[in-house]
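In: Sequence unavailable; structure follows:
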Ligand SMILES: O=c1[nH]c(=O)n([C@H]2C[C@H](O)[C@@H](COP(=O)(O)O)O2)cc1CO
Ligand SMILES: [Zn+2]
């Protein structure tokens, strides 16, 4: 008997884990998940966007508009930052799978931790200065970026 052939690829597996991690997010508008993987295809860390540890997410604001301090923006930890900070491993040479293209703050953490490739699905904030700054920094720092479209993932994963 031969081995089963229609198994999912490493890319689909890790992006699927990033998507599953996003499902843990309490953000009512955008749920983001991230999965960091070594050169040997071992998972080094996962994360999703949420309030900092110890900050009760029932008491924190989740809105997008109004006074800055009444919105989620000054407080929420991004999925990529959580994944970088959650890891006890050296991330040099690793790659990060993420459901949304990283913002400029996460891009800095990604570059500084030695991650060498970003594989992402959604790029809905491509027109923002934050995303443009991320792309500039990734290019200069030699961090590769690659998109796997949502339509492809939907075909292979029950999401
Ligand atoms: O790269 C990212 N990673 C990440 O975790 N986030 C989080 C922060 C917020 O909780 C949410 C974005 O919210 P909104 O789309 O409503 O502006 O996604 C946002 C970005 C991109 O801005
Ligand atoms: Zn970010």
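Out: Nice, I can see it. Just so it is clear, the structure is predicted and the values come from calculations on it, not from any experiment. Ligands and ions are numbered 1, 2, ... in the order given.

In: contacts and neighbour counts: CA atoms only from here.
Out: Will do.

In: is it fair to say residue 146 lies in a helix?
Out: No. Counting by DSSP: H, G, I helix; E, B strand; the rest coil, residue 146 falls outside a helix, being strand.

In: got the contact list for the closest residue to it other than its chain neighbours?
Out: Excluding the flanking residues, the one nearest residue 146 by CA to CA, 6 or more residues apart in numbering is residue 119, at 4.9 Å. By CA atoms under 8 Å, 6 or more residues apart in numbering, the contact set of residue 119 is 15, 95-98, 145-148.

In: So how do I select the buried members of the residues you listed in PyMOL?
Out: Applied in PyMOL, the following selects the buried portion of the contacts of residue 119 according to 16 or more other CA atoms under 10 Å:
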select buried, resi 15+95+96+97+98+145+147+148
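
In: Kindly identify which of the contacts of residue 119 also come near ligand 1.
Out: Taking CA under 6 Å from any ligand atom as the test, ligand 1 is in contact with none of the contacts of residue 119.

In: now, which of the contacts of residue 119 sits nearest residue 129?
Out: Proximity of these to residue 129 was ranked by CA to CA; the top entry is residue 145 with 17.4 Å.

In: doesn't residue 115 make contact with that closest one?
Out: No. Judged on CA atoms under 8 Å, residue 145 makes no contact with residue 115 at a distance of 11.0 Å.

In: what residues are up against the nearest residue to residue 32 once chain neighbours are set aside?
Out: Leaving out its chain neighbours, the residue that sits closest to residue 32 by CA to CA, 6+ apart is residue 22, at 4.6 Å. Residues in contact with residue 22, defined by CA under 8 Å, 6+ apart, are 31-34, 47-49, 99.
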